[in-house]
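# Quick check, what structure comes out for this input:
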Amino acid sequence: MPDLAKCAPGWYCVQAQPKREHVAARLLRLQAGLQTFCPRLAFHKHTARGKVRFVEALFPGYLFVYSDDLAEVYRQLKATKGVRDLVTYGATVPRMPRAMIEQLQAQLAGDAPAEVAEPVLQVGEKVIVLEGPFKGFEAVVNEIRPAQERVAVLLEFLGESRRVELEREELDSLEAPPPRGQWSQGA
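Below is the predicted model of the structure:
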């Protein structure tokens, strides 16, 4: 068991059950009266059902709690649905740097998940077609039509370049991985 008597007031990291971080954070707020922070990201993925919106924890399996007296709330914290335990190093419970938590809170204001921006395609960029009759074909972006969320690409087909218009969501860049850590605030 960690040495909680030495824990000063501050932010601590809690290990949660997989995919239950937001549930644990909510219950810790409601049942234990703790201040919690569980940053989440929202993004779209292409699935067999088409484009689907997913919401996941920024730090999968973890959330943060602020406590003035960790020893007093530890038993209730451990008994909370969705919580596994405090993150410890041996008998030590590391306190999270307040500045780090405040910076994250400022960038991810509110409880709404931060929307991960979809990578922006550029004219001349190499892409791969993800769906439809040209699935798996490589192409080059020829024109971007933001109002219609469509992209004109040049496909090499039967030895000739053909101009084809596709939905933006049907394409993925071949030149660079999606940018990580770039998000915009939103629902």
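# tell me the domain ranges of the chain?
Following automatic domain parsing, one finds the domains of the chain at 4-116, 126-174.
# Could you give the backbone dihedrals for the residue nearest the centre of the chain?
Residue closest to the mean C-alpha point of the chain, counted by Cα atoms, centre = their mean, is residue 41 at 3.1 Å. Main-chain dihedrals, residue 41, degrees, to the nearest 10: phi -120, psi 140.
# That one against residue 114, yeah?
Yes: the pair residue 41 and residue 114 qualifies as a contact (Cβ atoms under 8 Å) at a distance of 5.5 Å. Every residue, glycine included, has its C-beta placed from N, CA and C.
# buried ones in stretch 150-164?
The neighbour-count check on stretch 150-164 (16 or more other Cβ atoms under 10 Å) flags 151, 153-155, 164 as buried.
# Greatest separation within these: which pair is it?
Spatial extent of these (Cβ to Cβ) is set by the pair 151 and 155 at 11.8 Å.
# ok, now how distant is residue 125 from residue 115?
Separation of residue 125 from residue 115 (Cβ to Cβ, to the nearest Å) stands at 22 Å.
# no wait, residue 59
Relative to residue 115, and taking Cβ to Cβ, residue 59 is found at 18 Å.
# Now tabulate the domains of the chain in TSV and tack on mean pLDDT.
As requested, the domains of the chain are exported to TSV (pLDDT from 0 to 100):
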stretch	mean pLDDT
domain 4-116	90
domain 126-174	85
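# Show the contacting residues for residue 56.
Residues counted as contacts of residue 56 (Cβ atoms under 8 Å, 6 or more residues apart in numbering) are 19, 40-41, 43.
# Kindly recompute the last result at 6 Å.
Residues in contact with residue 56 (Cβ atoms under 6 Å, 6 or more residues apart in numbering) are residue 41.
# Tell me which residues of stretch 10-26 come out buried.
Here stretch 10-26 shows 10-14, 16, 20-26 as buried, counting by 16+ other Cβ under 10 Å.
# Ok, stretch 49-64 next?
In terms of neighbour count (16+ other Cβ under 10 Å), stretch 49-64 has its buried residues at 57-58, 62-64.
# Return the subset of those residues lying in helices.
Assigned to helices by DSSP state H, none of the buried residues of stretch 49-64 qualify.
# of those residues, closest to residue 173?
Set against residue 173, the nearest of the buried residues of stretch 49-64 by Cβ to Cβ is residue 58 (23.0 Å).
# From what I see, the closest one and residue 37 are in contact.
No: contact criterion Cβ atoms under 6 Å: residue 58 and residue 37 do not qualify, at 10.0 Å.
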